[in-house]
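> following is a predicted model, sequence given first.
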Protein chains: 2
Amino acid sequence: MPEATLSTRDRLIHSARYLFWERGFAGTSMAELLANAEVNSGSFYHFFDSKEALLREVLDGYLRLLRPIVIEPAFAAVEEPLGRIFAILAGYRERILATDCRYGCPLGRLALEIDPENAPAHALIAQNFRSWIGCVCECLKAMKDKLPPGTDLDALATYVLALMEGGVMLSRSYRSVEPFDRSIAQLREHFRLLLQAGTKSP
Amino acid sequence: MPEATLSTRDRLIHSARYLFWERGFAGTSMAELLANAEVNSGSFYHFFDSKEALLREVLDGYLRLLRPIVIEPAFAAVEEPLGRIFAILAGYRERILATDCRYGCPLGRLALEIDPENAPAHALIAQNFRSWIGCVCECLKAMKDKLPPGTDLDALATYVLALMEGGVMLSRSYRSVEPFDRSIAQLREHFRLLLQAGTKSP
DNA sequence: ATATTTTACTTGAACGATCAACTAAGTACC
DNA sequence: GGTACTTAGTTGATCGTTCAAGTAAAATAT
């Protein structure tokens, strides 16, 4: 996969992003990574101190890719705030279908795999989650007046992320998009009820 | 940890259950497993064909442990159907706190880690999830008349599971029970709105 | 402008440790 | 004497990492 135009360092990050997602961190061997990136081990250790240092770089990269890859396409497709949230979720549905229901959120996977004592890695994962929640929170703020007064927007956004991660997980083990769809349908119902309650006493 | 009273086979399953949860499947080496169970490799291969066969046995064990360990204590504590669902979720909150927010659902972790091509393992994981959903569905059926007519109980139970898994995941990366609590609080609100809507037009 | 040194990066073999898996000889209880 | 199980050790492959030797271009000195 690595393009000839990419630098050695970028090829390593590219391959790591793919392999850590596909096989996990422990499940990816250095040999596999080096072969995929077409890099010799010596060059690897010129750019990175260790496999773990590369993981941190990958997690940092996700932080920069979140908006352009996950959020912006959804925001570009829909104007309406609530529609934007469900457009983000529809993006994950696409990913599930594109991988024949083998999809696992790369961050979710690492969140559960990486040793909790690896604090820097978990800090970066949490930062990614916070950034995702922040994007959803933007939409919620834009529709704040339609929601019941006093609604905890941050908690609601966290709820959306938790549901997405759980839905993706279930769809992977079921090898069917159905549990994801069911979960999203219930979330839609939740918002319908919230908006209904919001118009009652504004 | 393995008690002297346990058989060799049971010690292996016991240790595997612990280590696959703590370090993951790929992250657990045979040497570590054998040392933890105090078993020699020859004995291991007398009882199991491979490390993967042991994984299947562990997943099968979870299926048998779900009700006695996860469900029954919650059902014993609360009588009211909706309260029972939140008692199950409170059990996970306890696990998060007991592990100093390092908790990862053993099934969720394996669902994201295990290679999707490992069909037998994923079938067992999905069976576990289905069983969990079934238990929650029991509660929902018992309060069916209080919910809006035509509510998809199975979808609602799937929704609860997805939310629990996502909440556990976020709390692990945040190293805080807060995201879990926030998600559960929103779920409580969802049920409040559902029950409110259910009493309007019965 | 040319010679010299420094820096940046690549090469691929080799390190010791550990990996999952297997075997054959042995013990213990029927 | 036969079945069930344990013992201790070996297998060759693979693990993440290191290293000495090399190249090519940029920076510095003459």
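Sure, I can see it.
> tell me the gap between the helix or strand that A:S43 is a member of and the middle of its chain.
Following DSSP states H and E, one finds A:S43 within helix A:41-47. Distance, stretch centre to chain centre, for helix A:41-47: 29 Å (Cα atoms, centre = their mean, to the nearest Å).
> is whichever helix or strand comes after it in proximity to DNA strand D?
Next in sequence after helix A:41-47, counting helices and strands by DSSP H and E, comes helix A:51-65. Yes: residues of helix A:51-65 contacting DNA strand D under Cβ under 7 Å from any atom of the strand: A:K51, A:E52. (Glycine included, C-beta is placed from N, CA and C.)
> how about the residues of chain A that lie near DNA strand D?
Going by Cβ under 7 Å from any atom of the strand, the residues of chain A near DNA strand D are A:T28, A:S29, A:M30, A:A31, A:E32, A:S41, A:G42, A:F44, A:Y45, A:S50, A:K51, A:E52.
> so what's the third one up against?
Spelled out, that is A:M30. By Cβ atoms under 8 Å, 6 or more residues apart in numbering or on different chains, A:M30 lies in contact with A:S41, A:F44, A:K51.
> filter those down to the buried ones.
A:F44, A:K51 (16 or more other Cβ atoms under 10 Å in any protein chain shown).
> from the contacts of A:M30, which is closest to DNA strand C?
Ranked by distance to DNA strand C (Cβ to the nearest atom of the strand), the contacts of A:M30 are led by A:S41 at 4.1 Å.
> and the gap between the closest one and A:R56?
Look at A:S41 and A:R56: by Cβ to Cβ, to the nearest Å, they are 19 Å apart.
> now swap in A:R9 and tell me
With Cβ to Cβ as the criterion, A:R9 and A:R56 are 14 Å apart.
> do the same with A:G166
Counting by Cβ to Cβ, the gap from A:G166 to A:R56 is 26 Å.
> same question, A:D115
A:D115 is 14 Å from A:R56, by Cβ to Cβ.
> which elements pack onto the helix or strand bottoming out on mean pLDDT in chain A?
For chain A, counting by mean pLDDT, DSSP states H and E, helix A:41-47 ranks last in confidence among helices and strands (a mean of 89). Applying 3 or more Cβ pairs under 8 Å, 6 or more residues apart in numbering or on different chains; DSSP states H and E, we find helix A:41-47 packed against helix A:8-23, helix A:30-37.
> the longest one near DNA strand C anywhere?
Yes: contact between helix A:8-23 and DNA strand C, assessed by Cβ under 7 Å from any atom of the strand, occurs at A:T8.
> residues in contact with that helix?
Residues contacting helix A:8-23 (Cβ under 8 Å, 6+ apart): A:1-3, A:6, A:28, A:32-33, A:36-39, A:43-44, A:47-48, A:54-55, A:57-58, A:61-62, A:104, A:106, A:109-110, B:115.
> that one to helix A:30-37, inter-axis angle?
120 degrees (axes from the mean of the first three to the mean of the last three Cα atoms, to 10 degrees).
> hang on, the earlier thing: what residues sit buried inside the helix holding A:S43?
A:S43, A:F44, A:F47.
> picking that back up, between the contacts of A:M30, which is nearest B:C137?
Distances from B:C137 to the contacts of A:M30, taken as Cβ to Cβ, are shortest for A:K51 (43.2 Å).
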